[in-house]
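Asker: Pasting the sequence and the predicted model now:
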Amino acid sequence: MSKPVLNSVAAASASGYRVLSARVTFIDQTLAQPFVLSSGTISVLTDARAEVVVVDAAGVETVGCGSIYLSDLWAWPDPDLSHAHRDGLLRELCEWISARLAALTGDTAAHPLELGLRLHDHVCESPIDLVFEEIPALALAMCASPFDAAIHDAVGKALGVCAMRLYEGEPIATSADTWFKQGGACAAISRMLASTATNQFDAWYIVGKGDDLERDVRPWFDERGYRCFKLKLHGRDVSEDLARTVEMYEAAVSWGAVPRLSIDTNEACADAAFVLEFLRRLQQTHAEAFAALEYLEQPTARDIAEHPYDWKEVTQLKPVLLDEGLTSLDRLPLCLEQGWSGLALKTCKGHSFALVAAAWAHENGLVLALQDLTNPGWSGVHAALFAAWVPTINGVELNSPQFTPKANQGFLQEWSGIFDVRDGLHHLAKTEPLGLGATEEVKQGLST
């Protein structure tokens, strides 16, 4: 999957597409096993599926699709509000965006990146309907993201290419150009994207706080070859977190794995000093487990302006990546100032936003990982394509085979390499999909 210079494609996408209409539907998905975060337990998720119609200068219309889970407990962890209240309001916001998508993207033709940035700005940065004023920025971005994905899916299909190939050729003016010194956002994205796309990624298994390693985790190694483990830790007691990390490492080695580990406390750590103590003690007491640990995600509270920490001493030991704290491009300089190692990207914050943030990180010497929101189906394919082109230290985390395998059933014939892990790897087909991979056959099958 090489990346040729596609001047004609870039020119066509630069001349612009305009959003005509959109619609969104919702499907309840029950998790095969509960997903435990520091903010609570997720048992049921709403799958929001968007379809967007774009039109080119010649009047040719193309339909694109995108989807995301409305994970309210992750994006809006308010213990005073019920899941039903949050989920209902997030669905209402998706419908509000769908009805106004043409206006939210400027009602004019533009490159799909610019359409997505306009959408992100209108929904996340500008005042919107007062009905939604209690929704935090992360949840606002999540609700806009399937529409952004659908726009890119549509434009890629219209041009007959994968949507990750829309950044070659002459620089294209976008509202994010001020973040880059040389040639603007699209040129920076082009410089960041891999010259050859990756066709396979290690599969990561999420090890829950209450999981029994032999009963719950080992079958995924024995039957599917998983050897990469993301540990959900409590982040409140260094000795407890240390013991769990060592337990996971030693168990994996006893099974015959050469394990890769990452750690996510979902913002539960009190401060950077807690993380530093954990890493130093792990290094001193179990050098092998320390060596297997590759990075940590957002250990402390998500508002990095309200809860600032100096990460420079910690990151001399291991990379620490900003995740939930990245809600706007304005946070990027603060990330650099505080010494974060890089960004844990999620496509649920918006395809356009994620690409611009990734390019900025690349230009500023930060590392990238691509994390998950239990992305199934279209959103899982989208994340895999994103990781195929955007250089990351973990490949991509795709945990829908673990938590919502039924949501992938309609996609197994086309995308079994992604969703049916059998050798510890996710595989992408060598033939690139159009757009972001939302094939018409799958769409029709899901609509019936």
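Answerer: On my side now, so go ahead.
Asker: quick one, what contacts residue 42?
Answerer: Residues near residue 42 by CB atoms under 8 Å, 6 or more residues apart in numbering: 31, 34, 35, 36, 71, 73, 74. Using the backbone N, CA and C atoms, a C-beta is placed for each residue, glycine as well.
Asker: which other helices and strands contact the lengthiest strand in the chain?
Answerer: Counting by DSSP state E, the longest strand found in the chain is strand 18-37. Applying 3 or more CB pairs under 8 Å, 6 or more residues apart in numbering; DSSP states H and E, one finds that strand 18-37 contacts strand 40-55, helix 83-104, helix 137-159, helix 400-403.
Asker: now the first one against helix 83-104, angle please.
Answerer: This means strand 40-55. 20 degrees (axes from the mean of the first three to the mean of the last three CA atoms, to 10 degrees).
Asker: ok, the closest residue to residue 62 other than its chain neighbours - how many residues close by?
Answerer: Closest residue in space to residue 62, ignoring its immediate chain neighbours: residue 158 at 4.1 Å, by CB to CB, 6 or more residues apart in numbering. Counted with other CB atoms under 10 Å, the neighbours of residue 158 add up to 22.
Asker: gap between residue 158 and residue 312?
Answerer: 46 Å (CB to CB, to the nearest Å).
Asker: so who does the most centrally placed residue in the chain touch?
Answerer: Centroid-nearest residue in the chain: residue 346, 1.9 Å away (criterion: CA atoms, centre = their mean). If you count contacts by CB under 8 Å, 6+ apart, residue 346 has them with 323, 354, 370, 371, 372, 373.
Asker: show me where the protein has strands.
Answerer: Counting by DSSP E, the strands of the chain are 18-37, 40-55, 61-69, 200-202, 204-207, 228-232, 260-264, 293-297, 320-322, 342-345, 367-370, 425-427.
Asker: I'd like to know how far the spatially closest residue to residue 236 that is not a sequence neighbour sits from residue 86.
Answerer: Sequence neighbours aside, residue 268 is the residue nearest to residue 236 in space, at 6.2 Å (criterion: CB to CB, 6+ apart). According to CB to CB, residue 268 stands 20 Å off from residue 86.
Asker: Over to residue 345?
Answerer: Taking CB to CB, one finds residue 345 at 24 Å from residue 86.
Asker: Then residue 193?
Answerer: Residue 193 is 35 Å from residue 86, by CB to CB.
Asker: With residue 311 instead?
Answerer: For residue 311 relative to residue 86 (CB to CB), the value is 31 Å.
Asker: again with residue 214
Answerer: 36 Å.
Asker: of the two, who's got more company?
Answerer: Neighbours per residue (other CB under 10 Å) separate residue 214 from residue 86, with residue 86 holding more: 21 against 11.
Asker: residues touching the more buried one, list them.
Answerer: Contacts of residue 86 (CB under 8 Å, 6+ apart): 72, 76, 78, 139.
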